[in-house]
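>>> here you go, sequence then predicted model.
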2 protein chains.
Amino acid sequence: MLTIGKLGAAAGVKVPTIRYYEQIGLLPPPGRSTGNQRLYPRAALDRLTFIRHARDLGFPLEAIRDLLSLSDRPDQSCAAADAIARTQLAAVRARIARLTALEAELQRMVAQCAHGTIASCRVIEVLGDHSHCADDDHARADAAA
Amino acid sequence: MLTIGKLGAAAGVKVPTIRYYEQIGLLPPPGRSTGNQRLYPRAALDRLTFIRHARDLGFPLEAIRDLLSLSDRPDQSCAAADAIARTQLAAVRARIARLTALEAELQRMVAQCAHGTIASCRVIEVLGDHSHCADDDHARADAAA
DNA sequence: CCTTGAACCTATAGGTGCTAGAGATATTAG
DNA sequence: CTAATATCTCTAGCACCTATAGGTTCAAGG
């Protein structure tokens, strides 16, 4: 049995985060010691490691919830899990594309800075002028989680 | 003079967002009509456009606050504005690098999916196993805003 | 056995950057 | 004048935690 601190250290997740996951139902409430402290079985480490890894890959908690419920029923088709992963892959690619465009514009901004005064500052100027933007509407800066 | 709706439409910013910016001090409180509705001068459009563009570029509101205060004092060196832009550029590049690594791992996950059952699903399996990860510690999935 | 200090407990509030809703008032078009 | 639209304030909610306060329990050393 693991205390919450050991579990967190083993999985690389902070203690309050574990309690948060329990609160939102991502982790089942574990048993308690006589002194009311959480005691986790080994299996909890697997589950938490799974969650942490998926978070590292950028999966939102709702997707992780789905993946966990899938993995609890191992006889079914993995098509759903595959779809979730593909959705995430598409989201990541969209974010990369958006960020690459931002990178180009930022680079242009700093390249043009002549280190003069604010009155002639390209950085300030470019920010006040949308005319260089490829796509003006929509597409807020990488709003996705 | 512009109503809040016209201002928002002109700058591409939603009305509640404008009120939010006023609330947090990014926009000065404008004058009011006799019926207590906000009335903005032309200059407010420039300022809001500046904010919106900077947000599109991924600048956090705090950085925008700094940039605005810089542009309010046009006699000073633009070194500070340049530094903010450079910091932002570095952050964007770091995020791109991180996301590109995620993309590779996700791609590997879905490529290996044999469309069988959950029991043999690579997606589920990979998520439960950190051994494929290049860098296990720290580096949460692109936590930056 | 007792003390000290770390780790644990609950509960609440804060952070970012908005967005949505309720319920009331103002303006504008027909 | 009326009806539709836009505005007002206020509050709460979203994701995903993180931090703080004030208290209890546990493990080790003397």
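In hand now; what should we look at? Remember, predicted model here, so these are calculated numbers, not experimental data.
>>> how far away is the nearest residue to A:G25 once chain neighbours are set aside from B:R47?
The shortest distance from A:G25 to any non-neighbouring residue, by CB to CB, 6 or more residues apart in numbering or on different chains, is to A:R65 (7.8 Å). From N, CA and C alone the C-beta is placed, and that goes for glycine too. Distance check for A:R65 against B:R47: by CB to CB, to the nearest Å, it reads 42 Å.
>>> okay, these two: which has more neighbours?
Counting neighbours by other CB atoms under 10 Å in any protein chain shown for A:R65 and for B:R47 shows that B:R47 has the greater number, 20 against 15.
>>> how about the more buried one, secondary structure?
helix (DSSP: H, G, I helix; E, B strand; the rest coil).
>>> next up, the contacts around it.
B:27, B:68 (CB atoms under 8 Å, 6 or more residues apart in numbering or on different chains).
>>> also A:L106?
Counting by CB under 8 Å, 6+ apart, A:L106 touches B:57, B:85, B:88-89, B:92.
>>> so for those, which is the shakiest by pLDDT?
For the contacts of A:L106, the weakest pLDDT value sits at B:L57, with 73.
>>> neighbours around that one, how many?
23.
>>> quick check: longest helix of chain A.
Using DSSP state H, we find that the single longest helix of chain A is helix A:79-112.
>>> tell me how far it lies from the chain's centre.
Distance of helix A:79-112 from the chain centroid (CA atoms, centre = their mean, to the nearest Å) equals 13 Å.
>>> equivalent analysis for stretch A:98-113, please.
Chain-centre distance of stretch A:98-113: 24 Å, with CA atoms, centre = their mean.
>>> element containing the residue lying closest to A:I84 once chain neighbours are set aside?
Nearest residue to A:I84, sequence neighbours excluded (CB to CB, 6+ apart): A:A63, at 5.2 Å. A:A63 belongs to helix A:61-71 when assigned by DSSP states H and E.
>>> what packs against that helix?
Identification of packing neighbours for helix A:61-71 by 3 or more CB pairs under 8 Å, 6 or more residues apart in numbering or on different chains; DSSP states H and E yields helix A:42-56, helix A:79-112, helix B:122-127.
>>> what does that helix contact?
Residues outside helix A:61-71 that contact it (CB under 8 Å, 6+ apart): A:24-26, A:47, A:50-51, A:54-55, A:59, A:76, A:78, A:80-81, A:84, A:87-88, B:118, B:121, B:123-124, B:127-128.
>>> is it in proximity to DNA strand D?
Yes - among the residues of helix A:61-71, A:61-62 lie within reach of DNA strand D under CB under 7 Å from any atom of the strand.
>>> sec struct for the residue most central in space within chain A, please.
Nearest residue to the geometric centre of chain A (CA atoms, centre = their mean): A:G58, 3.5 Å. With three-state DSSP as the basis, A:G58 sits in coil.
>>> in this structure it contacts A:V92, no?
Yes - A:G58 is in contact with A:V92 according to CB atoms under 8 Å; the separation is 6.1 Å.
>>> quick check: neighbours shared by the two?
In contact with both A:G58 and A:V92: B:99, B:102, using CB under 8 Å, 6+ apart.
>>> state the distance from A:G58 to A:A83.
Computed as CB to CB, the A:G58 to A:A83 distance reads 16 Å.
>>> which secondary structure elements does the helix or strand of chain A with the lowest mean pLDDT contact?
Taking mean pLDDT, DSSP states H and E as the measure, chain A has helix A:122-127 as its least confident helix or strand, at a mean of 70. Applying 3+ CB pairs under 8 Å, 6+ apart, one finds that helix A:122-127 contacts helix A:79-112, helix B:42-56, helix B:61-71, helix B:79-111.
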